[in-house]
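[1] I'd like to go over a predicted model; first the sequence, then the structure.
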Amino acid sequence: MTDATIEALIQGGSYFAIFSLMIANGAISFPSSQILYIIAGYFIARGDLALFFVALVGALGNTIGNVILYELARKHGRTFIERMKIFPTRELEKVEKAFQKKGAWFVFIGKLLPAIKVFVPITAGLGKFSRAFFAPIMFVASFVWSLAFISIGYFFGKSADVFGKYAIILVIVATVVVLLFYRYINSPEIVNELER
């Protein structure tokens, strides 16, 4: 979906379009939430949309999409994910155990990082992370995420090229977090529990 298409949908469908697009983003990571919010920020600066309602409906939509993905992973377990051929079985077992032990931190922080946010609902579902906490954490993290990229659009315009300037920083931060997460799931604390 091109920037122009997202812009046209927001112009035509306003908050409902943002809500619908963010449900899709939460479930299948498409279209890009960064681009959507940058464009929405531009419309907020023009006075066509209200910041609070954009952030609210965007976060609600994204949370619904995340919950759908979470429930699929939780219900169908590793078999469902293994069919996607994303993770080896042994790694999935480690991830499940990590989320059982320290899930809330991984859910919230992971949701704020571009490289791994797409996997958060899947790993949280596999790890049987609490339903009572999952949706609220997703909503808060999604709301924070929306404000960050709305601000870029508000202050710098609707061009997605602005995001590209920050991409390298985001990639570096996300890489560090992924490496720390990988180190943790291979730590004696996790591995020893799987050997019991």
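    Received it, and whenever you're ready, just let me know what you need. Numbers count the residues shown, from 1 in each chain.
[2] any idea of the mean pLDDT for stretch 65-72?
    Stretch 65-72 shows a mean pLDDT of 94.
[3] how close does residue 6 sit to residue 37?
    Using C-beta to C-beta, to the nearest Å, one gets 10 Å for the distance from residue 6 to residue 37. To be clear about C-beta, it is placed using only N, CA and C from the backbone, and glycine gets the same treatment.
[4] Can you tell me the closest non-neighbouring residue to the residue nearest the centre of the chain?
    Here the mean C-alpha position of the chain is nearest to the C-alpha of residue 117 (C-alpha atoms, centre = their mean), at a distance of 3.7 Å. Distance criterion C-beta to C-beta, 6 or more residues apart in numbering; nearest residue to residue 117, sequence neighbours excluded, is residue 111 at 5.1 Å.
[5] and the one you found, how many residues sit next to it?
    Residue 111 has 24 neighbours, counted by other C-beta atoms under 10 Å.
[6] close enough to count as contact, it and residue 118?
    No. The pair residue 111 / residue 118 is not scored as a contact, 9.8 Å apart, by C-beta atoms under 8 Å.
[7] re earlier: shouldn't the residue nearest to the centre of the chain be in contact with residue 110?
    Yes. Between residue 117 and residue 110 a contact is recorded at 6.1 Å, counting by C-beta under 8 Å.
[8] picking up where we left off before, residue 6 and residue 37: who's more crowded?
    Between residue 6 and residue 37, counted using other C-beta under 10 Å, residue 37 has the larger neighbour count: 27 against 22.
[9] so what's that one up against?
    Taking C-beta atoms under 8 Å, 6 or more residues apart in numbering as the criterion, residue 37 is in contact with 54, 58, 145-146, 148-150, 152-153.
[10] thinking again about what came up before, in contact with the residue nearest to residue 117: list those residues for me.
    If you count contacts by C-beta under 8 Å, 6+ apart, residue 111 has them with 117, 120, 137-138, 141-142, 145.
[11] Would you mind pulling up the elements that whatever helix or strand residue 123 lives in packs against?
    Using DSSP states H and E, residue 123 falls within helix 120-126. In terms of contacts (3 or more C-beta pairs under 8 Å, 6 or more residues apart in numbering; DSSP states H and E), helix 120-126 is packed against helix 51-82, helix 89-111, helix 131-156.
[12] Roughly how far does residue 39 sit from residue 20?
    On the measure of C-beta to C-beta, residue 39 and residue 20 end up 15 Å apart.
[13] I'm done for today, thanks for sticking with me.
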